[in-house]
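K.L.:
Let's see this in three dimensions:
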Amino acid sequence: MKICIYGAGSIGCYIGGRLAASGVDVTFMTRPRMYDELSKSGLKLTDYLGNNLSIPANELKLSQDPSIALDADIIFVCVKSAATEQVAKALQKIFVQSNAGLKHRPYILSFQNGLSNVAVLKQFLPDMTILAGMVPFNVAALGSGHFHQGTSGAIHVKNFSKQQDLAQLFQKSQLDIVFDQDMLAVQWAKVLLNLNNSINALSKLPLKAQLSNLQYRQCLAMAQQEALDLLDLAQIKPAKLTAISAHLLPKIMSLPNILFKILSRKMLKIDPLARSSMQDDLIAGRSTEVDWINGEVVKLAHRLNTQAPINQLLIELIKQAEVSDIEFSISADDLKSRLNHARNRCV
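P.N.:
Sure thing, here's the model as predicted:
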């Protein structure tokens, strides 16, 4: 199988790099900045277990031309969710509007946050097979082509006819992969975990330090419980991605520190320096994906003719941080107080 990584950011570079390091034919479709970085530094891939892989720059297949996707058997779309329509239009142009594209139609696999990306891709590429995927772990970009996996978890992909071929490639690269029929349940389970991204970004702490703070965890518990109540109302059952059932997450997050520390060892392994991608985006002055994480909860509330004040406030705080001229952070005390106020105002 030939793989095209469309969007060589943290997730794209890490997954594509792990596959390429094991001998898989991988081409990276990159933006100019990442093209320059990888052309100069190559790829260095590390993880929380101490693994360390390197791929020299001259062994990487890099391009800034979307037409490289014509040769792929599977395209991994790894761009931020805000860029999905742009990618869909670029792929539409090279596949639907070219004779070559009509003869060869690769699978397209969306490894993106949120619930709507597959629908956006299908809108522009109705004749292509487009699959939902989910990456549970955190990957940090450390600069000079160095990407670090800071948390644990298996990648999930929608069932499809060639899944055994893809499974063999992932097995070869020592990446865990699971194939699911109900990807909506998996995506909602990921959203529930990702609700911490906004809280982590506002804390300005590493994930492990932030999750060691009871009040920050209580803020997360409020956001998760609000989402779970809406999912129950919509009769959507989130998948079980950790050792703990999704509906128990708020209770686990609200436990005293000593009990949480014991139970969290079974849930998720976290590197002490790992941060959420949302915190990385704020630090770098980029727009975040809060609309595709907390925003999914707010959109579900609107569809059910109700409100999601906790997640709505977290969106507003992140939006403020995106445009703030000064360093933006909120203490655990202050954030918990604001969220409680927002919730009580709607009761």
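K.L.:
Low-confidence ranges, the stretch 151-300 of the chain, go.
P.N.:
Applying pLDDT under 70 to the stretch 151-300 of the chain picks out residues 265-269.
K.L.:
Now do the helices for it: every range, in order, please.
P.N.:
163-172, 183-194, 196-203, 207-211, 214-233, 249-253, 257-267, 277-284, 294-303 (DSSP state H, counting those that start in this stretch).
K.L.:
elements contacting the strand or helix carrying residue 120?
P.N.:
Assigned by DSSP states H and E, residue 120 belongs to helix 117-124. Applying 3 or more CB pairs under 8 Å, 6 or more residues apart in numbering; DSSP states H and E, we find helix 117-124 packed against helix 84-91, strand 107-110, strand 130-134. To be clear about C-beta, it is placed using only N, CA and C from the backbone, and glycine gets the same treatment.
K.L.:
Any idea how far it is from the middle of the chain?
P.N.:
Counting by CA atoms, centre = their mean, to the nearest Å, helix 117-124 is centred 17 Å from the centre of its parent chain.
K.L.:
So which residues make contact with it?
P.N.:
77, 81, 84-85, 87-89, 91-92, 108, 110, 128, 130-132, 292 (CB atoms under 8 Å, 6 or more residues apart in numbering).
K.L.:
what about 7 Å?
P.N.:
Contacts with helix 117-124, where a contact means CB atoms under 7 Å, 6 or more residues apart in numbering, come from 77, 81, 84-85, 88-89, 92, 108, 110, 130, 132.
K.L.:
do you know how far the closest residue in space to residue 39 that isn't next to it in sequence is from residue 188?
P.N.:
Excluding the flanking residues, the one nearest residue 39 by CB to CB, 6 or more residues apart in numbering is residue 57, at 5.5 Å. Distance of residue 57 to residue 188, computed by CB to CB, to the nearest Å: 39 Å.
K.L.:
Tell me where the stretch 1-150 of the chain has helices.
P.N.:
Here the stretch 1-150 of the chain has its helices, by DSSP H, counting those that start in this stretch, at 10-21, 32-41, 84-91, 99-103, 117-124.
K.L.:
neighbours around residue 255, how many?
P.N.:
16 (other CB atoms under 10 Å).
K.L.:
Quick one: residues contacting it.
P.N.:
residue 263.
K.L.:
What values do phi and psi take at it?
P.N.:
Here is the backbone geometry of residue 255 (degrees, to the nearest 10): phi -70, psi 150.
K.L.:
before we move on, what about residue 344?
P.N.:
Dihedral angles (degrees, to the nearest 10) for residue 344: phi -70, psi -30.
K.L.:
start to end distance for stretch 27-38?
P.N.:
12 Å (CA to CA, to the nearest Å).
K.L.:
So that it lines up with my notes, have the first residue be 788 from now on.
P.N.:
OK, 788 is where the count begins now, so the last one is stretch 814-825.
K.L.:
contact partners of it?
P.N.:
Contacts of stretch 814-825 (CB under 7 Å, 6+ apart): 791-795, 799, 803, 844, 847-851, 853, 855-856, 931-932.
K.L.:
now do 6 Å
P.N.:
Contacts to stretch 814-825, defined as CB atoms under 6 Å, 6 or more residues apart in numbering, come from residues 791-793, 795, 803, 847-851, 855, 932.
K.L.:
Now tabulate those residues in TSV and tack on distance to residue 833.
P.N.:
Shown next, in TSV, are the contacts of stretch 814-825 (distance: CB to CB, whole Å):
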residue	distance to residue 833
791	24
792	19
793	24
795	17
803	15
847	17
848	22
849	21
850	25
851	26
855	27
932	12
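K.L.:
how much space between the residue most central in space within the chain and residue 1073?
P.N.:
The centre of the chain sits closest to residue 900, judged by CA atoms, centre = their mean, with a distance of 4.4 Å. Separation of residue 900 from residue 1073 (CB to CB) stands at 14 Å.
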